[in-house]
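S.K.: return a 3D structure for these sequence lines:
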Amino acid sequence: MAKSTKASKRSTKKKTGRSRQAGGSAAKRAKTTRGWRPLRWLRRWGTRLVLGIIVLFCALLLVLRVINPPITPYMFSENKRLGWHDYVWVDIDVVAPVMTRAVVAAEDAHFCDHWGFDLDALKQAIEGGGQRGGSTISQQVVKNLFLWQGRSYPRKALEGFITPMMELFWSKQRILEVYLNIIEYDEGVFGIDAAAYHYFGVTPAELSAAQAGRLAAVLPSPKTRSASQPSDFIIRRGRSIVDGAATLKRQGRDACFAGG
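M.R.: Residues are numbered from 1 along each chain as shown. Have a look, this model is predicted:
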């Protein structure tokens with residue numbers, strides 16, 4: 001009888017041990033099954049990716065707030081296509097004030113008033129069927145400095161994402177300074193220093209109001225317009241820009257970038 005009881009206890013212990021092992025294996029399998037959730041995984045890594053992009057562009061903007069960009073993606077592509085490009089950086093302090101006011105009058109008259117987007121200009125551009133661009137100087141800097149040319153929703157989305165960050169980290173004067181230096185004025189000609197010499201044989205500090213107006217007039221289509229051999233349209237547009245620049249100065253709407 002005692003032997004039977006002991007055997008029964010051993011059998012019970014073995015069954016209990018096997019049961020616990022089986023239960024543990026089932027729990028592990030269930031835990032493994034519950035652990036792989038594609039949507040949760042995508043959400044987690046998607047969040048990390050977005051945060052990584054934010055950190056990357058914050059770092060780039062902080063660096064480029066004090067360091068002048070040596071090249072841009074568009075300059076690189078044009079250099080590869082043409083075999084050359086003309087680009088020399090100059091500080092905004094050595095650019096004629098008539099030039100800084102001219103590009104603002106031509107491209108973004110409300111530059112000092114907005115935070116990166118001119119909603120009124122954007123509305124007008126939409127109503128005009130896209131014939132007239134609604135991008136601000138800030139948006140153009142982001143596009144030319146970090147992104148690619150051409151219209152696409154991904155590029156526009158990134159532009160809309162980076163622009164307010166740039167406005168947060170950079171002063172308006174810095175934004176305009178970078179714009180003047182990286183924008184294209186003719187095929188392979190980038191920046192106000194190269195443009196002043198290319199078209200008029202002068203330094204940026206020596207530009208006259210009429211020359212500044214014509215340079216600003218070619219910006220929407222630099223490959224098809226010329227400041228040194230202007231069409232009637234460029235002459236008229238240049239005069240209009242000069243008048244607009246004078247209005248900016250008279251109304252004090254150049255205060256965010258004027259050097260004094």
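
S.K.: show me what contacts the most centrally placed residue in the chain?
M.R.: Centroid-nearest residue in the chain: residue 142, 2.3 Å away (criterion: C-alpha atoms, centre = their mean). Counting by C-beta atoms under 8 Å, 6 or more residues apart in numbering, residue 142 touches 158, 159, 162, 163, 166. Quick note: C-beta positions are derived from backbone N, CA and C, even for glycine.

S.K.: go on, residue 177?
M.R.: 91, 92.

S.K.: what about it, helix or strand, and which?
M.R.: Here residue 177, judged by DSSP states H and E, is contained in helix 172-182.

S.K.: just residue 157 next, same as before
M.R.: helix 153-169.

S.K.: one more: residue 185?
M.R.: Per DSSP H and E, residue 185 falls inside strand 184-186.

S.K.: about what we covered before: okay, the angle between the helix holding residue 177 and helix 153-169?
M.R.: Orientation note: helix 172-182 sits at an angle of 130 degrees relative to helix 153-169 (axes from the mean of the first three to the mean of the last three C-alpha atoms, to 10 degrees).

S.K.: for burial, what's the neighbour tally of the nearest residue to residue 82 once chain neighbours are set aside?
M.R.: Excluding the flanking residues, the one nearest residue 82 by C-beta to C-beta, 6 or more residues apart in numbering is residue 188, at 5.0 Å. Residue 188 has 20 neighbouring residues, counting by other C-beta atoms under 10 Å.

S.K.: what residues are up against residue 188?
M.R.: 78, 79, 82, 84, 85, 86.

S.K.: quick one on the thing from earlier: ranking the contacts of residue 142 by neighbours, who comes first?
M.R.: residue 162 (25 neighbours).

S.K.: how close does the closest residue in space to that residue that isn't next to it in sequence get to residue 47?
M.R.: Counting by C-beta to C-beta, 6+ apart, residue 162 lies nearest to residue 142, which is 4.8 Å off, once chain neighbours are set aside. In this view, residue 142 and residue 47 are 23 Å apart by C-beta to C-beta, to the nearest Å.

S.K.: in the stretch 1-150 of the chain, which spans are helices?
M.R.: For the stretch 1-150 of the chain, helices defined by DSSP state H, counting those that start in this stretch occupy the ranges 2-35, 38-64, 73-82, 97-107, 119-127, 137-146.

S.K.: pick out the shakiest of those helices, pLDDT-wise.
M.R.: Comparing mean pLDDT across those, the weakest is helix 2-35, with a mean of 52.

S.K.: how many residues are close by residue 72?
M.R.: Count around residue 72 with other C-beta under 10 Å applied: 22.

S.K.: for it, report the pLDDT, please.
M.R.: 96.

S.K.: surely it meets residue 144?
M.R.: Yes - contact criterion C-beta atoms under 8 Å: residue 72 and residue 144 qualify, at 5.6 Å.
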